[in-house]
Structures are given as C-alpha cells and as structure tokens.
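Enquirer: whatever this is, show me its structure:
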Amino acid sequence: MTAMHRPMPEGNIDYWQERTELAAAFRWAERLNYHEAVANHFSLAVDDEGSQFLINPKLVHFRRIRASQLLLLNVHDQDALARPDAPDTTAWYLHSALHRLLPRARCALHVHSIYATVLATLDDSVLPPIEQNSTLFYKRIAIDTQYGGLALDDEAARACNALRDPQTNVLVMGNHGVMVIGSSVADAFTRLYTFERACEIYIKALWTQKPLRVLSDAIASKTRDEFETYPGYAEAHLRELMAILDEEGSTYAT
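Expert: Take a look at the predicted model:
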C-alpha cells in the first residue's frame, strides 16, 4: 500500500486528511516510546477559530488508534463529558482550554516522554543551547513550576496560560511532562521529536559530569531562526513517517 492509495473510510467522515495525519502521529509516538500506557493525548483544531478539534478516544493505546476513531469536539460543549463516547477527563480540560485560549495552537501534543519529563523534574528546567537540536527551542520554552495535580478544570487553564507568549511553542510542565504546540501535525510532531532528542542529549551530557559547551546567544538565536525558516522539513518528516506506515500495512488510516 502506498501513500497515494490509502483506503478511504466507508461513509462520509469529516476532516479525513487531518485525521490520518494525527493518527499517524499517535502510531509513531508509540513507536518512539513517548506514550504513557493509555494516557496522554494529541489534539488538532480543524476550524479557523480553534473551537472544533480532533482528539484521541478515551483509554485507547496509541498503537491502536485509527483515523476514524478520533473524536470531534467543540470547546464550548458543556456536555462533552456526558456524551456516550466522552473523551478522557484530563484530555478534555487540558485541550479544550488550550484551543479556547490559544487559537494559534492548531496542534497540541501532550506526552510524558522520558527525557522531557526528566527535564521537568529538575529544579532548573531550562534547556541550554548545547547542540543543534536544542537551539530550535532557545527562548521558545515556557516552564510551569506550579504543578497542582491532575490537569482538571482550573489546573488545566492555569497550565495553558503559560503558553500565552506568542514566541513559545513548548511548555515544560514541571513534575509532569511536556506540551508541544504547532501550526500543523507535521510542525508539532517534528518539534516534539526534536525536543525529546535535545532533552536526551542534555540529560546524557549531564551524566558525564563534565562542563557543558553552551552556545552563545548570537549563535543560538541565529541557528534557531535558520531552523524555523528551513523549507519543508517538518512536512517531509511526517510524509515519510506516513509512507513507512503505509508500506508496513498499518491500520492508522482506517
């Protein structure tokens, strides 16, 4: 099966391209061990206002998520948790708050990936620019140090407010995990992938107990800006991941 010949679903399912891209992100996140049992959640806004968004169904493992299973929710639906296919409670509160408060957050990926979560446990959760991957996040990270329990209602909105600065696209959720936002699934997933790699390199560098060679502000800023304007990288990354899944006969696009 090739990307050009993915089977279309029976019946009329809205936002099929968006669904397949988000489902692919779930499948690849599981492959990279970013998942947390049947917790964690990804969402994607599908209208200009960000009021409607796709999100994973409750307590379904990332490895099994299919495009047709994704829930379509509205941030203003006060009965969302009462519907027969209600989303996970923390997923609803966190992602509905995020899309309601930050329309620029088209895609939001929340995980407890190992190295990003290790960073979130440190008293100083700043990721210094010590290598090329980490420069992408130079002065682009918000750090929430006021963990108050599960992301329910007020706690969810409080955490999301940390991303109000339009320059930020990563929220290190202290004592919790990470939230990465982007303009599309490709943008957000590539950012998440790069952030986790940058965190892994940083944590392993700390293990050596050797002094770090930290890049200057000028070089870190320059490299970040070059990253942010590099043409087509994120889109090509997601396209290739979907092509691999297609070649393997994955059921994500069903």
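Enquirer: for this structure, name the helix or strand with the lowest mean pLDDT.
Expert: helix 154-161 (a mean of 81; mean pLDDT, DSSP states H and E).
Enquirer: and residue 211, how far from residue 127?
Expert: With distances taken as Cβ to Cβ, to the nearest Å, residue 211 is found 17 Å from residue 127. C-beta coordinates here come from the backbone N, C-alpha and C atoms, glycine included.
Enquirer: can you pull the contacts of the closest residue to residue 147 other than its chain neighbours?
Expert: Nearest residue to residue 147, sequence neighbours excluded (Cβ to Cβ, 6 or more residues apart in numbering): residue 175, at 4.1 Å. Shown in contact with residue 175 (Cβ atoms under 8 Å, 6 or more residues apart in numbering): 120, 121, 147.
Enquirer: I'd like the residues you listed as a markdown table, with distance to residue 21, neighbour count and pLDDT appended.
Expert: As requested, those are exported to a markdown table (distance: Cβ to Cβ, whole Å; neighbours: other Cβ atoms under 10 Å; pLDDT from 0 to 100):
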| residue | distance to residue 21 | neighbour count | pLDDT |
| --- | --- | --- | --- |
| 120 | 27 | 22 | 98 |
| 121 | 31 | 10 | 98 |
| 147 | 31 | 14 | 89 |
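Enquirer: for residue 88, state which of these is nearest.
Expert: Nearest to residue 88 out of the contacts of residue 175 is residue 147 (Cβ to Cβ; 18.8 Å).
Enquirer: residue 56 contacts residue 41, correct?
Expert: Yes: using Cβ atoms under 8 Å, residue 56 makes contact with residue 41 at a distance of 5.4 Å.
Enquirer: helices of the stretch 151-254 of the chain, start to end?
Expert: 154-161, 185-207, 217-228, 233-247 (DSSP state H, counting those that start in this stretch).
Enquirer: would CSV of those helices with distance to residue 15 be doable?
Expert: Output for those, formatted as CSV (distance: least, Cβ to Cβ, whole Å):
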stretch, distance to residue 15
helix 154-161, 23
helix 185-207, 12
helix 217-228, 27
helix 233-247, 16
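Enquirer: point out the most buried one among these.
Expert: helix 185-207 (a mean of 21; mean count of other Cβ atoms under 10 Å).
Enquirer: so what does it touch, helix or strand wise?
Expert: Contact here means 3 or more Cβ pairs under 8 Å, 6 or more residues apart in numbering; DSSP states H and E; on that basis helix 185-207 packs against helix 16-31, strand 107-111, helix 114-121, helix 132-135, strand 177-182, helix 233-247.
Enquirer: thanks a lot, catch you later.
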